[in-house]
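**Q** Quick one: sequence plus predicted model below, questions after.
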Amino acid sequence: MNKVISLAIASSLTMLISSCAVAQAPAQGEGVVTLAGEVVDSACGLELASVDQAIEMNPEPIGRLLRSGRGEIHPFQLRLVNCSLTRPDPSRPGASLPDWQHMRVTFDAPTDREGRSFALFGSSQGVALHIEDAAGQESVPGVPMALLPLVAGDMTLHYTLRLVGNGLPLAAGPHNAAVRFKLEYF
């Protein structure tokens, strides 16, 4: 049986990411991550600080993106708290279901780069959003990432996001993205 945190715009865990690509160094751009959700069945809780976090994305100079094709790395975390491996069976008082053993995360949003990255919206052009886990596994929009072992207590899942070139000519300007994520337990 999986545990799912519902993800839809109206009732969702949604990551809103904003940043700017600029040719000059004036202070421009900032980012915010806003999360909210509904728990259906859960091995873990999501720490309140993970639910309402902000990620500041500094402006990316076009020159850096032209030279390397990638922007600066921005870390973010999902902190799971009070994880319990045991599962009581709600249909049989006093009985248990098999213990939770694994979990996985799926990030989802409109795609770019032929489905390999997350699309950005705004007046900038030539960039997409890319997410990786701490092991370097790339998140493909809508595709579950590798299973992770579930441990009792607290867990912190580490991720990074960055801008990547999408093959279109670069144009400076603001952009944003909304990335939903789903946690499943097995």
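**A** Noted; the coordinates are in hand. No experiment lies behind these values; they were computed from the predicted model shown.

**Q** got the contact list for the closest residue to Pro98 other than its chain neighbours?
**A** Nearest non-adjacent residue to Pro98, counting by C-beta to C-beta, 6 or more residues apart in numbering: Arg87, 7.2 Å away. Bear in mind the C-beta positions are built from the backbone N, C-alpha and C, glycine included. Shown in contact with Arg87 (C-beta atoms under 8 Å, 6 or more residues apart in numbering): Met1, Ala43, Ser96, Leu97, Pro98, Asp99, Trp100.

**Q** let's go with 7 Å and repeat that
**A** Ser96, Leu97, Asp99, Trp100 (C-beta atoms under 7 Å, 6 or more residues apart in numbering).

**Q** Select the helix or strand of the protein having the lowest average pLDDT value.
**A** strand 3-4 (a mean of 32; mean pLDDT, DSSP states H and E).

**Q** Residues in contact with stretch 139-155: which ones?
**A** With C-beta under 7 Å, 6+ apart, stretch 139-155 has contacts from 43-44, 79-81, 83-85, 100-109, 111, 115-116, 118, 131-133, 137, 185.

**Q** so how far is Leu85 from Leu66?
**A** Note on Leu66: its distance to Leu85, by C-beta to C-beta, to the nearest Å, is 49 Å.
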